[in-house]
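Trainee: what's the 3D shape of this:
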Amino acid sequence: MNYLRRTKIVVTLGPSLDSPEMLERVILAGAVVFRANFSHGEVSMHEARIKMVREIAARHGKTVAILVDLQGPKIRIGRFKNKKIMLREGQQFILDTTLDENAGDENSVSLGYENLPDDVRKDDTLLLDDGRIVFKVLSSEHTKIHCKVMVGGELSNNKGINRLGGGLSAAALTDKDRADINEAVRLEADYIAVSFPRHADDINEARALLKAAGGNPGIIAKIERAEAITNLEGIIQASDAVMIARGDLGVEIGDAELPGMQKKIIKIARVFNKPVITATQMLETMISNTIPTRAEVSDVANAVLDGTDAVMLSGETAVGLYPDKAVAAMDRICLSAEKHHSIKSMRRTSDVHLKYVDEAIAMATMYTANHLDIKAIIALTESGTTPLLMSRVNSYIPIYGLSRYEATLRRMALYRGVYPIPFDATHIDRRVLNKASIDELQSRDILKNGDLVIITKGDLIGVHGRTNSLKIVTVGDLPA
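Mentor: Okay, the predicted model is just below:
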């Protein structure tokens, strides 16, 4: 049986994947979650891309998930008359909420967030363009922020602004986000990502909006504000998954603090049984290069060793020259990192406090699998919860989530070490259900006679949340 990559690859859609041939190569290279970044482009453009992803994936029998990433309250400057300016250290510069959005020059530029002058104080540090430009606030009035350039350089149109240490009042969900939530439901997105949440209430608001729109995609909290770190456990518990958005987060808390914080977020998310995506600049140089730097290889590998469920490509696949090569690089780095002993270690049973029967079944399954020569785990599931719980325990043993629901299959595509397979157990006699599930995997050349497998299911087939049994079976020994 071939070794399977456990860590999932998320790619961002964009012009570089608008070619069906390139998109097909990326799907065949191993991408399983496709991100539509609603910060850019019209909904019709995203709809066309999502349709093409689903068509090509279906043609190859692949289960893929669609992630709609909401823009959130990205605070940006306006545009310059000449598209860009050069700022020198020590010069004074004004951020002006009343200036025409196209009238920026060497002295001032418009500001898209009207409340920013009220949020900042004298001596605050503002970071523009992901920290490449640094301003010190000299004074702030109702509509203008007077600044001194501490780190200069080229500044171009529509760059983002962060305040060092966070503390900006912008709400996580904008009017655009509320409209885009409705579109995400219409497009049957599997996940939506909430940008810049400050606390659990932001996630709860998004969930209420999704429910009102008639949808139930998983909610991914993007951890990218300093305030989110203060409220980290509450945000994670309110969400279905977490994304470590290292761009803005690194700007707000400082780049030196970011690696340790990444490890902390992954650890806490796993404690609360939530999948984690590690994102931003993972293979940034591959936007224009055919191979990654050694530092990028180490970055991806360390995220895998820390236990991330997925690693994400942004510009590398959206606008890069070699999106298929970037996915192939991710694939081989993850495979290599997963072979190291540390990734095999299992949480001590004394660290786990069980509340529900399906949790107990999941933990018992993984303990047994890691101490017997088990070749595969077959989880008959309605919602995907049991495979998710299993995936929180480190193991080399593949978990096959068999479900009749397409939405469940697509959501499981994100879970580390879980491989979704379409399978309707409701029409199969319970007396032969175990054999039927094994036959399904044998038909896909996953299992062979003599393999030892674990099967989990509920007494009541077709009912959510009722997994209550596991059985150890030798392939080929079950009667027809």
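Trainee: so the spatially most central residue of the chain, which state does it fall into?
Mentor: The residue lying closest to the centre of the chain (CA atoms, centre = their mean) is residue 277, at 3.7 Å. Reduced to three states with DSSP: H, G, I helix; E, B strand; the rest coil, the structure at residue 277 is strand.
Trainee: what's across from it in the sheet?
Mentor: In this entry, residue 277 is beta-bridged to residue 243, residue 310, by DSSP bridges.
Trainee: now swap in residue 222 and tell me
Mentor: residue 243.
Trainee: distance of it relative to residue 242?
Mentor: Distance, residue 222 to residue 242, by CB to CB, to the nearest Å: 8 Å. For every residue, glycine as well, the C-beta is placed using N, CA and C.
Trainee: the helices in the stretch 201-350 of the chain, which residues?
Mentor: Listed in chain order, the helices of the stretch 201-350 of the chain (DSSP state H, counting those that start in this stretch) span 226-230, 232-238, 246-253, 258-271, 294-306, 315-318, 323-338.
Trainee: dump these to TSV, plus mean pLDDT.
Mentor: Compiled in TSV, these are given as follows (pLDDT from 0 to 100):
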stretch	mean pLDDT
helix 226-230	93
helix 232-238	97
helix 246-253	92
helix 258-271	96
helix 294-306	97
helix 315-318	97
helix 323-338	97
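Trainee: ranking those helices by burial, who's on top?
Mentor: Neighbour counts (mean count of other CB atoms under 10 Å) averaged over each of these peak at helix 315-318, with a mean of 25.
Trainee: what's in contact with it?
Mentor: Contacts to helix 315-318, defined as CB atoms under 8 Å, 6 or more residues apart in numbering, come from residues 11-17, 26, 31, 37, 282-284, 286-287, 322-323, 326-327.
Trainee: can you give the domain ranges for this structure?
Mentor: Listed by automatic domain parsing, the domain ranges of the chain are 8-72+171-341, 84-163, 349-474.
Trainee: so residue 307 makes contact with residue 264?
Mentor: No - in this structure residue 307 lies outside contact range of residue 264 using CB atoms under 8 Å: 11.9 Å.
Trainee: more crowded one of residue 222 and residue 242?
Mentor: residue 242 (29 against 25; other CB atoms under 10 Å).
Trainee: any quick PyMOL command for the buried ones out of the contacts of helix 315-318?
Mentor: Filtering these down to the buried ones (16 or more other CB atoms under 10 Å) takes a single PyMOL command:
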select buried, resi 11+12+13+14+16+17+26+31+37+282+283+284+286+287+322+323+326+327
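Trainee: quick one: which of the contacts of helix 315-318 sit in strands?
Mentor: Within these, residues falling in strands by DSSP state E are 11-12, 31, 37.
Trainee: for those residues, work out which two are farthest apart.
Mentor: Using CB to CB, the ones in strands among the contacts of helix 315-318 span at most 15.0 Å, a distance reached by 31 and 37.
Trainee: name the nearest residue to residue 164, sequence neighbours excluded.
Mentor: Nearest-residue entry for residue 164: residue 125, 4.0 Å, with adjacent residues in sequence omitted and distances by CB to CB, 6 or more residues apart in numbering.
Trainee: how many other residues sit next to that neighbour?
Mentor: 16.
Trainee: next one: residue 107
Mentor: Counted with other CB under 10 Å, residues neighbouring residue 107 total 11.
Trainee: isn't it right up against residue 93?
Mentor: Yes - using CB under 8 Å, residue 107 is in contact with residue 93, at 6.8 Å.
Trainee: all strands of the stretch 301-450 of the chain, in order?
Mentor: 310-313, 374-380, 399-403, 418-422 (DSSP state E, counting those that start in this stretch).
Trainee: now mean pLDDT, mean neighbour count and distance to residue 116 too, for these, in TSV please.
Mentor: Shown next, in TSV, are the strands of the stretch 301-450 of the chain (pLDDT from 0 to 100; neighbours: other CB atoms under 10 Å; distance: least, CB to CB, whole Å):
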stretch	mean pLDDT	mean neighbour count	distance to residue 116
strand 310-313	98	26	29
strand 374-380	96	24	49
strand 399-403	97	26	46
strand 418-422	97	22	43
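Trainee: I'd like those laid out as TSV, including distance to residue 258.
Mentor: Shown next, in TSV, are these (distance: least, CB to CB, whole Å):
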stretch	distance to residue 258
strand 310-313	15
strand 374-380	35
strand 399-403	31
strand 418-422	28
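Trainee: just so I know, which of those strands lies nearest residue 137?
Mentor: Among the strands of the stretch 301-450 of the chain, strand 310-313 sits nearest to residue 137 (CB to CB), with 33.2 Å.
Trainee: using PDB, write out the CA atom coordinates for the closest one.
Mentor: The C-alpha trace of strand 310-313 is given here as PDB (Å, rounded to 0.1, in the frame of the first residue of the first chain):
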ATOM      1  CA  ALA A 310      -3.000  22.000   5.800                       C
ATOM      2  CA  VAL A 311      -0.500  24.300   4.200                       C
ATOM      3  CA  MET A 312      -1.700  27.100   1.900                       C
ATOM      4  CA  LEU A 313      -0.400  28.600  -1.300                       C
END
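Trainee: who are the packing partners of it?
Mentor: Strand 310-313 is packed against strand 8-12, strand 276-279, helix 294-306, helix 323-338, with contacts defined by 3 or more CB pairs under 8 Å, 6 or more residues apart in numbering; DSSP states H and E.
Trainee: which helices and strands does the last one pack with?
Mentor: Right, helix 323-338. Counting by 3+ CB pairs under 8 Å, 6+ apart, helix 323-338 packs on strand 8-12, helix 20-29, helix 294-306, strand 310-313, helix 315-318.
Trainee: surely residue 83 meets residue 157?
Mentor: Yes - the criterion here is CB under 8 Å, and residue 83 meets it with residue 157 at 5.9 Å.
Trainee: more crowded one of these two?
Mentor: For residue 83 versus residue 157, the count of surrounding residues by other CB under 10 Å is larger for residue 157: 16 against 9.
Trainee: start and end of stretch 69-88, how far apart?
Mentor: The stretch stretch 69-88 measures 35 Å between its terminal residues, going by CA to CA, to the nearest Å.
Trainee: many thanks, I have nothing further to ask.
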